[in-house]
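K.L.:
Sequence first, then the predicted structure:
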Amino acid sequence: MTSNARKRCTAFPSSIDIHGDSNPGTNSTVIPNEQPTLTEKRCTTFLSSRDLEQDCLLEGNNTPELQHKPSSSLITELPLEPKEHTSATKFQRRPGWKPPHLPISAKRTSAERIDGTKRFASHFPESGSLWAKYKQFTKARGPGKVVLAYEIKSPKVIVAIKECKAADTERAQLLFRTSHPNIVNLQDAFIDERDVYLAYERMDLPLEQLHSDIKLEERHIATICREVLLGLSYIHQQLQICHLSVKCSTIFLSTQGHIKIGGIGSAMLLQHPKQEGRDIKSVGWMMTEIMEPGTAYPNPESILLESPGKWSHDILDFQKNTEHSVSQSSSPYHVFLAIAASSNAGSLVPLVLIAMKNWEA
């Protein structure tokens, strides 16, 4: 049976052609009107799209008919095991082949997490005196003995140093550098006999000083809450610890508008048990401290306000939700956070500059 299928043929030279071309010195004469000599050709026939649509047959009576079937049925009919007369193809399953296991995310223990991190920071924390690297230039302010110092080799690098007396030096081995825009990042740590020194990045003003000098509006409070929640998410999910000391005195601001949670090194040393819900509740307690400082002073762990009518329904509802959240994932996005400024700098920088002048006076 002859098919009208369109064919594309590829001609290959025969051995006669090859031998004939191997004598370049032989003169060949072209005779006019003489039919060219037929050379041996090997043709490969390809089906056109018209053949597939019309279910045509290829040349040759022994060629099976190619039926037009949907792609799903063609895939299911591929042989899974090679037959005796069939060579293995790339569609056939390899003997003993098994699909790869899906990745399973599992929380690592604190020791495993720190070991993995310290592969890149094997000299953290360092042993010896901190003052061999830094030089102090301010006196300690208040409890905790936090002082400012600059790096001797790079005087432009200024850090805030906190001294931890009689700290657990074994737990100090769990310390490591942090990097997050909502955390006062730990940059250095030294173990000097029984004392541990923590060097943090420098911040400009505690939130406690800001709200005591300036009455913050709801949009300012929303911005602060949003940034604090982002910092807590990093602490809970990445560091896998709890802070348990989120309050106005441990939240810091910079003249660039950054809002950060302080004291992360102390949280690493203490290794509090998992109490994520308490960290979320502390955001509501911090709000009470900003909204009604006098009410929060005698009862710092409360969201009860003496004059709730001064505030909108959204801020009161958000504060109530923090009291009932057991973890970061259980506190969905609230409409109150929508009024937070898209740029911290445009919202809080002027207030920070005013409060710094009052603090330094």
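P.N.:
Perfect, thanks for sending it. Numbering: from 1, shown residues only.

K.L.:
where do the helices sit along the protein?
P.N.:
Defined through DSSP state H, the helices belonging to the chain, from first to last, are 15-21, 49-54, 71-76, 110-118, 169-172, 207-213, 218-234, 264-270, 276-291, 293-296, 313-324, 344-360.

K.L.:
among the ones you listed, which is nearest V159?
P.N.:
Comparing the helices of the chain by their distance to V159 (CB to CB), the top pick is helix 264-270, with 11.9 Å. Glycine gets a C-beta too; all of them are placed from N, C-alpha and C.

K.L.:
still on that earlier bit, would you turn the helices of the chain into TSV with mean pLDDT and distance to S302?
P.N.:
Rendered in TSV, the data for the helices of the chain read as follows (pLDDT from 0 to 100; distance: least, CB to CB, whole Å):
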stretch	mean pLDDT	distance to S302
helix 15-21	49	98
helix 49-54	53	77
helix 71-76	36	64
helix 110-118	45	32
helix 169-172	85	32
helix 207-213	93	17
helix 218-234	95	17
helix 264-270	92	23
helix 276-291	95	6
helix 293-296	88	7
helix 313-324	94	9
helix 344-360	83	26
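
K.L.:
quick one: L239 from A267, how far?
P.N.:
Using CB to CB, to the nearest Å, one obtains 8 Å as the distance from L239 to A267.

K.L.:
Pretty sure G265 sits against L175.
P.N.:
Yes. With contact taken as CB atoms under 8 Å, G265 and L175 are classed as touching, separated by 6.3 Å.

K.L.:
Mind listing the shared neighbours of these two?
P.N.:
Residues touching both G265 and L175 by CB atoms under 8 Å, 6 or more residues apart in numbering: 186, 189, 198.

K.L.:
Can I get those residues in JSON lines including distance to C225, neighbour count and pLDDT?
P.N.:
Shown next, in JSON lines, are those (distance: CB to CB, whole Å; neighbours: other CB atoms under 10 Å; pLDDT from 0 to 100):
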{"residue": "L186", "distance to C225": "24", "neighbour count": "24", "pLDDT": "97"}
{"residue": "A189", "distance to C225": "30", "neighbour count": "23", "pLDDT": "94"}
{"residue": "L198", "distance to C225": "26", "neighbour count": "27", "pLDDT": "95"}
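
K.L.:
Counting neighbours, which bits of stretch 245-264 end up buried?
P.N.:
Buried residues in stretch 245-264, defined by neighbour count with 16 or more other CB atoms under 10 Å: 245-254, 257-264.

K.L.:
Okay, and which of those map to strands?
P.N.:
For the buried residues of stretch 245-264, membership in strands holds for 251-253, 259-261, with DSSP state E as the criterion.

K.L.:
How many residues are close by V146?
P.N.:
By other CB atoms under 10 Å, the residues close to V146 number 16.

K.L.:
What of G265?
P.N.:
Residues lying near G265 (other CB under 10 Å) number 27.

K.L.:
Quickly note the distance from it to F318.
P.N.:
According to CB to CB, G265 and F318 sit 30 Å apart.

K.L.:
Dump stretch 350-358 to CSV, restricted to CA.
P.N.:
This file holds the C-alpha atoms of stretch 350-358, laid out as CSV (Å, rounded to 0.1, in the frame of the first residue of the first chain):
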residue,chain,number,x,y,z
PRO,A,350,11.4,63.3,64.2
LEU,A,351,10.1,62.0,67.6
VAL,A,352,13.3,60.2,68.3
LEU,A,353,15.4,63.3,67.6
ILE,A,354,13.2,65.4,70.0
ALA,A,355,13.4,62.8,72.7
MET,A,356,17.1,62.5,72.4
LYS,A,357,17.6,66.2,73.0
ASN,A,358,15.5,66.0,76.1
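
K.L.:
got the contact list for that stretch?
P.N.:
Residues lying outside stretch 350-358 but in contact with it, judged by CB under 8 Å, 6+ apart, are 204-205, 209-210, 213-214, 216, 220, 253-255, 257.

K.L.:
Likewise for stretch 130-143?
P.N.:
146-153, 159, 161, 188, 190, 192, 197, 199.

K.L.:
Is P206 bridged to anything, and to what?
P.N.:
According to DSSP bridges, the partner residues bridging P206 are F252.

K.L.:
L269 and K133: what is the separation?
P.N.:
As defined by CB to CB, L269 lies at a distance of 20 Å from K133.

K.L.:
Surely R171 touches A267?
P.N.:
No. If you go by CB under 8 Å, R171 and A267 don't touch, sitting 11.1 Å apart.

K.L.:
of all the shared contacts of G265 and L175, which comes closest to F336?
P.N.:
Top of the list for closeness to F336, among the shared contacts of G265 and L175 and by CB to CB, is L186 at 31.1 Å.

K.L.:
residues near E170, how many?
P.N.:
The local packing of E170 (other CB under 10 Å) involves 7 other residues.
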